[in-house]
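Colleague: Sequence first, then the predicted structure, then my questions.
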Amino acid sequence: MTMTPTPLSICAIISARNETLYLQRLLPLLAKQRIDVAIIDNESDAESRGLYSMHSGNPVVAVKSVPYQGYHSLTDLLEAERELSASLTHDWILHHDADEIMEHSEAGPTLRDAIEEADAQGYNALNFDEFVFLPEPGHDYAGRDYYAESLRYYFFEPSKHRLNRAWKRAANLNNFQSAGHRLQGKDVSISPINHILRHYITLGQDHVRRKYLDRSFDPRDLKQGWHSNRQGFTDDNLRLPRGNETLFRLERSDSKGFRRDRPVTKHFWQWENNS
């Protein structure tokens, strides 16, 4: 009798503070792929905690609380991720932000398929290309199906192979020194296929101002050189651009026809002319 192989167990670790707008779309998507979720909660509101409870067991298998110190502390969140990862028993771990959706590079297969393919080929990590979705001025996707409706994007690539977001837990890899980007360890073996990371950095003009305008950072983070591209926000530079030669549009929401021929190394608020 042929034995059916046991599916890989996969857990996405998501740090969140009041991210209901994103998680109400993301959690069912991960559950559909049989990918568990462990939440690192940075003192979120009651609405967020209610959402975790609604999805308890599928896909949310753990919630770890981290106190909010009045500023964004990636140092605290990555340390909590390291502790949480050590307590999990899953085969693979994903470092997953709430405002992201990770996908297979090809149409049809899923994120789970990408991980299972890499595992079967002997790799212990996956890399992703980042496509930043940007609403048009006057459009607001908050409370709507932003995956289906928000189609405008730019390819963000400040350096090559910078988003090693999935790894085999037994390989004892870590991403702490690189602010959650590049993996380090004795034997890092990254699949040569770059998969897709859709970064819904904002859902509209009001949302981006609420998200970034008054944000401050842990001094320990800044000492490490982190968040260099997320400082100096103003009402003016957070204005959503109307268009330029690096902004493209998908034909359909489920398309994998992303353009990589005009990568940008800075986010839209750092562009010299975003009118």
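Modeller: Structure received. Numbering: from 1, shown residues only.

Colleague: ok, the nearest residue to residue 227 once chain neighbours are set aside - how many residues close by?
Modeller: Residue nearest to residue 227 in three dimensions, not counting chain neighbours: residue 217, with 4.9 Å by C-beta to C-beta, 6 or more residues apart in numbering. (Each C-beta comes from the backbone N, C-alpha and C, glycine too.) Residues contacting residue 217 under the criterion other C-beta atoms under 10 Å number 16.

Colleague: now the residue lying closest to residue 88 once chain neighbours are set aside, which residues is it bridged with?
Modeller: Distances taken as C-beta to C-beta, 6+ apart place residue 11 nearest to residue 88, at 5.5 Å, with adjacent residues excluded. Using DSSP bridges, the beta-bridge partners of residue 11 come out as residue 36, residue 93.

Colleague: roughly how far apart are the residue nearest to residue 58 when sequence neighbours are not counted and residue 165?
Modeller: In space, and not counting its chain neighbours, residue 58 is closest to residue 31: 5.3 Å by C-beta to C-beta, 6+ apart. From residue 31 across to residue 165, the span is 19 Å (C-beta to C-beta, to the nearest Å).

Colleague: ok, the two, which is more surrounded?
Modeller: residue 165 (24 against 16).

Colleague: For the more buried one, which residues are in contact?
Modeller: For residue 165, the contacting residues are 94, 95, 96, 102, 126, 127, 128, 197, by C-beta atoms under 8 Å, 6 or more residues apart in numbering.

Colleague: let's see it at 10 Å
Modeller: Contacts for residue 165 (C-beta atoms under 10 Å, 6 or more residues apart in numbering) come out as 12, 93-97, 100, 102, 125-128, 130, 175, 180-181, 183, 195, 197.

Colleague: for residue 187, same thing?
Modeller: Applying C-beta under 10 Å, 6+ apart, one finds that residue 187 lies in contact with 124, 125, 171, 172, 173.

Colleague: Need the phi and psi values for the fourth one.
Modeller: This means residue 172. phi 60, psi 50 (degrees, to the nearest 10).
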